[in-house]
Each structure stands twice: as C-alpha cells, then as structure tokens.
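Visitor: Structure, please.
(one chain, ligands or ions: 1)
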Amino acid sequence: MKLWGGRFTKETNELVNSFNASISFDQKFYKEDIEGSIAHVTMLAKQGIITDSEKKSIISGLKSILEDITSGKLEIDNVHEDIHSFVEAHLTNRIGDAGKKLHTGRSRNDQVALDMKLYTRKEILEMDTLLKNLLKSLLSIMKENTETIMPGFTHLQKAQPVTLAHHIGAYFEMFKRDRSRLNDIYKRMNYCPLGSGALAGTTYPLDREYTASLLGFNGPTLNSMDSVSDRDYLIEFSSAMSIIMMHLSRFCEEITIWNSNEYQFIEIDDAYSTGSSIMPQKKNPDIAELVRGKTGRVYGTLMSLLTTMKGLSLAYNKDMQEDKEFVFDAIDTTKGCILLFNGMIDTMVFNKDNMRASAEGGFTNATDAADYLVNHGVPFRDAHGIIGKLVLYCIDNNKPLGKLSLDEYKAISPVFEEDIYNAISMETCTSKRNTTGAPGQEAMKEVISIYEKYLED
Ligand code: ARG
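Guide: Numbers count the residues shown, from 1 in each chain. You can find the predicted model right below:
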C-alpha cells in the first residue's frame, strides 16, 4: 500500500498515517494526476525507457481507472496516503508488473508540482470565463443606462452627478484588470516541472521538452530544485483571487447601500434575497453580504500560503502539502461568488427615478454652478465662494439650486442670468463631461465600443 515501506521495520503510528495523508483533498486532481502519468509514460516509451507494449498496457490501465473514478464505479478511499499512491496501486492491481514501471524517472515531488499546476491552469481559465460573463452583464447594464443620472460620491457624500453607465464602468475596468492578471499568471506558470525528480533531475534520458509539449506547456522548467519547490504561481493566483474578491466586495457594499430603505436605488430580485425569521417585512441582501464576507476567507488563503512558504529551505518540504486545501477553497469560493454575483446583478432592478431625485437633492451641480460663473469671467476661487454662500442659502431655505428664483440668484451675484438653469441641469452636468473616461454620452459611447471589441476577442 505504501510507496516507501522498504527501509522501515515498524508499522507507522495510526495517528501519523492520518496526519500525513493528503488523499482526502488531493483526490480533487485525480484527472490531472492520470493525465500527467499518461504523458510521462508516452515519453518514457518514446525514449526507449519502457517498451511500447508496456506503455500501451499502462495507458489503458490508467484510462480504465479514470473512467471508473469518473463514473463512480471506483471510489477513492482513505487507505492510500495520497492520490498518486492510489492510482499506482490500482494500476498494478489491474495490469500487473508493468504498472510498477509508471514511476520510473519520477518522484511524487515533481508529480504533485505538475498535478497542482495542471489543476490551477484549468481553474484559471474557468475563472476567466466567469469574469468575462460578468463583464458582458456589466456592459449590457452600461449600454442601457448612459443617460440614467445618479449621484457620484466621495466620502460617501454626494459629490457630482454621474450616470449609472459610468458608475458600472468603473467595475468593468476592475474586472478587466483581474482578467489580465489571470492571463499574466497563466503565462508565467505555464512551464512543466515533470522530470525534475525529487530535486536533482534524473539519470534516465527523459525528453522533458516532449512531456511539456504533450501537456500543453510552453516548455520544461529550467531548474529542478525550483521546479519541485515553487509555489509562486499559487501565491500569485491567491493574490489575484483576493483582488477579485475585493472588487466584488466593494460592489456588494454599494449594492447593500443602494438596497437600503434610505436609498432605494435598486431592488434585488426575490430569487436573490432572503427573509427574516421574525420580521415579516424584511427582504435582506444576504447574497451581497455573504460575498463581502467570504472575501476574508480568500485573503486568508493568501496569508496562509505566504506564511507557509517563508521559512522553507530548498527544495521540497512537506509543509508544501498545506498549499492545497486553502487554494482549493479559495478557487471554489471565488468562482461561486462571481457566479452568484452575476445572477444577482442580472436580475436586479434599478429605480432610476430615485437615483435621479437623489442626484438632484444633494447640490451635486454646485461645481457646475461655479463653472458657470467662471465662464462669465469670475475667477474660480471667487466663484467657489459665491456658490458656497448660495448653497448655504439653499440649505437654510430647504431648496435645491435648480429651484431658486433668478432674483434669489442675483441677490448673491449679478452675473447670473436665465441660462443658469440649463447650465446646472443634471443633463448638462453629465453630458458636457466628455474628456476620455468621463460620464458624458459622447465619451461613454467611445468607451463602450472599446469594451465591445474587447469582449469579442
Ligand atoms: N502529498 C504530497 C504533497 O502534497 C505529495 C508529495 C510527497 N512527497 C514527499 N516527499 N513526501 O506535497
């Protein structure tokens, strides 16, 4: 049952067995383990290290194990230490002595490094697809809302009017960067560690370039000690996932605020809300809150990995087995959150009237009123002071800027004329802002067409 019983004279302590074993979690990459083994024996046969008929028998044995695990016929039990031992034991059971040649020129150290890379690579691509779908949803909200006015905030205080398209566009940028981060990690990690042996390579004439190409890598890794002890890509991936979660969490925070009784900017669909066991009136944004909460869990993975790796001498150390459970959890958590979040925003309704009323109510056009004076020859600093007084007057009289009479305006500065109303309308405030990246319709149209092209690729 053990791959290493030869030099031992005593049975392993039972607690040691279960403490040491990883099969309860590394079974997650049984497919990748078998895929790697098939590539390995294909290379061994090409190099004349095993015969063609041994290769055929090993591959058909491995394929039958893969099928049986996938169909549920073969259950992965906890008798074996890890998935590598499990597969090898079942292979030898099925095909006899040829199975014992599978591990020629290989160690579990380069094998597990390979399995984890194959698994991570696949998950990076799946996560990228989920992000792309999310971006499609964001873009469709943007296209429909280039004229939907809402307040833009700084310090969570109303600042200037923007459009919903513009606000959502900020998140489009964030998730776009997340995709490019995943892409970078994929490129950097895509080198095959197999053939590095335990740490020092091997004396067998392996063709590592060939194995790497069979498995879709850019090439073999170039240092066998680094190959078996490199977990940088997992740290980078955990960091990228932490940033994705941070973005989702910020968005969820806004959704929670927008969904509050005071704001009522949005209505979350019933299918994505939950109720209270005691208060019948409640409809809570639990999904947004949970996504925000789960962010901490993914950050935990990053901290855990960094800490696990910080004191490790070269090359492989068993500490590295601790990479798996956290990373698997972070991947499942992040993917789940992107998916649920996407469903939530796809079904969410925007209360455009409330958004607009809120933008009108908070002096978000004060900057534009100051700009009006500047355009009529008043120096900006003086204009700032005049509008400040005007705002004070409005607060005392409980009126927005747009509802003051011209006489009231003129009482504070004679420069104001009838055209002030148009100059500070919500439409003017947003549509005149057309520098690249601004909320004006002209500027947004260009950005939206860039996003459309980006999503076509
Ligand atoms: N389960 C081990 C891990 O995840 C596999 C490698 C074991 N290697 C060893 N030298 N004990 O790291």
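Visitor: And Gly385, what's its pLDDT?
Guide: For Gly385, the model assigns a pLDDT of 95.
Visitor: quick one: Arg433 and Pro439 touch, right?
Guide: Yes. With contact defined as C-beta atoms under 8 Å, Arg433 counts as touching Pro439 (5.5 Å). (Each C-beta comes from the backbone N, C-alpha and C, glycine too.)
Visitor: nearest spatial neighbour of the residue nearest the centre of the chain, skipping sequence neighbours?
Guide: Closest to where the C-alpha atoms of the chain average out (C-alpha atoms, centre = their mean) is Ile244, at 3.7 Å. Of all residues not flanking Ile244 in the chain, Asp178 sits nearest, at 4.9 Å (C-beta to C-beta, 6 or more residues apart in numbering).
Visitor: Would you mind confirming that that neighbour makes contact with Lys132?
Guide: No. Contact criterion C-beta under 8 Å: Asp178 and Lys132 do not qualify, at 10.5 Å.
Visitor: and these two? which has more neighbours close in?
Guide: Between Asp178 and Lys132, counted using other C-beta atoms under 10 Å, the more crowded position is Asp178 (24 against 15).
Visitor: which residues does that one contact?
Guide: Listed by C-beta atoms under 8 Å, 6 or more residues apart in numbering, the contact set of Asp178 reads Leu131, Ala240, Ile243, Ile244, His247.
Visitor: Secondary structure element holding the first one?
Guide: Read it as Leu131. helix 108-144 (DSSP states H and E).
Visitor: Let me know the pLDDT of Glu236.
Guide: pLDDT, Glu236: 98.
Visitor: Tally up the residues packed near the residue nearest to Asn317 when sequence neighbours are not counted, please.
Guide: Here the nearest residue to Asn317 in space, its sequence neighbours aside, is Ser229; by C-beta to C-beta, 6+ apart that works out to 7.4 Å. Per other C-beta under 10 Å, the neighbour tally for Ser229 reads 22.
Visitor: what's near enough to touch Thr347?
Guide: Ile268, Asp269, Ala271, Tyr272.
Visitor: helix/strand/coil for the third one?
Guide: When you say that, I think you mean Ala271. helix (DSSP: H, G, I helix; E, B strand; the rest coil).
Visitor: can you give me the strands for the stretch 101-250 of the chain?
Guide: 149-154, 157-163, 191-192, 219-220 (DSSP state E, counting those that start in this stretch).
Visitor: just to revisit the earlier point, closest one to the ligand out of the contacts of Thr347, please.
Guide: Distance ranking of the contacts of Thr347 against the ligand, using C-beta to the nearest ligand atom, places Tyr272 first at 37.8 Å.
Visitor: what comes into contact with the helix or strand Asn17 falls within?
Guide: Using DSSP H and E, Asn17 falls within helix 14-20. Residues from elsewhere that reach helix 14-20 (C-beta under 8 Å, 6+ apart): Thr12, Asn78, Glu81, Lys318.
Visitor: Most neighbours out of those, which is it?
Guide: So for the contacts of helix 14-20 (other C-beta under 10 Å), the most neighbours sit at Glu81, 21 neighbours.
Visitor: so that residue sits right up against Ser24, yeah?
Guide: No. Assessed by C-beta under 8 Å, Glu81 is found out of contact with Ser24, at 10.7 Å.
Visitor: Could you find the closest non-adjacent residue to whatever residue of the stretch 251-400 of the chain ends up closest to the ligand?
Guide: Closest approach between the stretch 251-400 of the chain and the ligand, counting by C-beta to the nearest ligand atom: Gln321, at 3.6 Å. Nearest non-adjacent residue to Gln321, counting by C-beta to C-beta, 6+ apart: Ser22, 5.3 Å away.
Visitor: and the one you found, what is it in contact with?
Guide: Per C-beta under 8 Å, 6+ apart, neighbours of Ser22: Glu81, Asp82, Ile83, Gln321, Lys324.
Visitor: Share the number of residues neighbouring the fourth one, please.
Guide: Summarising burial for Gln321: neighbours were counted as other C-beta under 10 Å, giving 17.
Visitor: Tell me how far it lies from Arg108.
Guide: 10 Å (C-beta to C-beta, to the nearest Å).
Visitor: Same question for the last one.
Guide: According to C-beta to C-beta, Lys324 and Arg108 sit 13 Å apart.
Visitor: Next: the second one.
Guide: Distance from Asp82 to Arg108, counting by C-beta to C-beta: 7 Å.
Visitor: ok so, going back, what's the farthest-apart pair in the contacts of helix 14-20?
Guide: Spanning the widest gap among the contacts of helix 14-20 are Asn78 and Lys318, at 18.3 Å by C-beta to C-beta.
Visitor: wait, which of the strands of the stretch 101-250 of the chain is closest to the ligand?
Guide: Here strand 191-192 is closest among the strands of the stretch 101-250 of the chain (C-beta to the nearest ligand atom), at 16.9 Å.
Visitor: Which elements pack onto the closest one?
Guide: helix 208-214, strand 219-220 (3 or more C-beta pairs under 8 Å, 6 or more residues apart in numbering; DSSP states H and E).
Visitor: which other residues reach it?
Guide: By C-beta under 8 Å, 6+ apart, strand 191-192 touches Leu114, Lys117, Arg208, Thr211, Ala212, Leu215, Phe217, Asn218, Gly219, Pro220, Thr221, Leu222.
Visitor: Then stretch 193-212?
Guide: 36, 39-40, 42-44, 46-47, 49, 104-107, 109-111, 113-114, 117, 191-192, 215, 218-221, 224-225, 227-230, 314-316.
Visitor: one more time with 6 Å
Guide: Stretch 193-212 has contacts (C-beta atoms under 6 Å, 6 or more residues apart in numbering) with 39, 43, 47, 49, 105, 107, 109-110, 113-114, 192, 219-221, 224-225, 227-228, 315.
Visitor: For that stretch, buried residues please.
Guide: Residues 193-199, 201-202, 206-208, 210-212 are the ones in stretch 193-212 that count as buried (16 or more other C-beta atoms under 10 Å).
Visitor: who touches Glu267 in this structure?
Guide: Here Glu267 is in contact with Val349 (criterion: C-beta under 6 Å, 6+ apart).
Visitor: Tell me the bridge partners for it.
Guide: Val349 (DSSP bridges).
Visitor: got any ranges where the chain has weak pLDDT?
Guide: For the chain, residues meeting the criterion pLDDT under 70 lie at 1.
Visitor: and it, which of its residues are near the ligand?
Guide: Ser22, Asp26, Asp82, Arg108, Asn109, Val112, Tyr316, Lys318, Met320, Gln321 (C-beta under 6 Å from any ligand atom).
Visitor: Which two among the residues you listed are spaced furthest apart?
Guide: Across those (C-beta to C-beta), the longest gap, 14.8 Å, separates Asp26 and Tyr316.
Visitor: So for those two, which sits in the more crowded spot?
Guide: Between Asp26 and Tyr316, Asp26 has the larger neighbour count (other C-beta under 10 Å), namely 24 against 21.
Visitor: State whether the more buried one and His84 are indeed in contact, as I suppose.
Guide: No. Contact criterion C-beta atoms under 6 Å: Asp26 and His84 do not qualify, at 7.9 Å.
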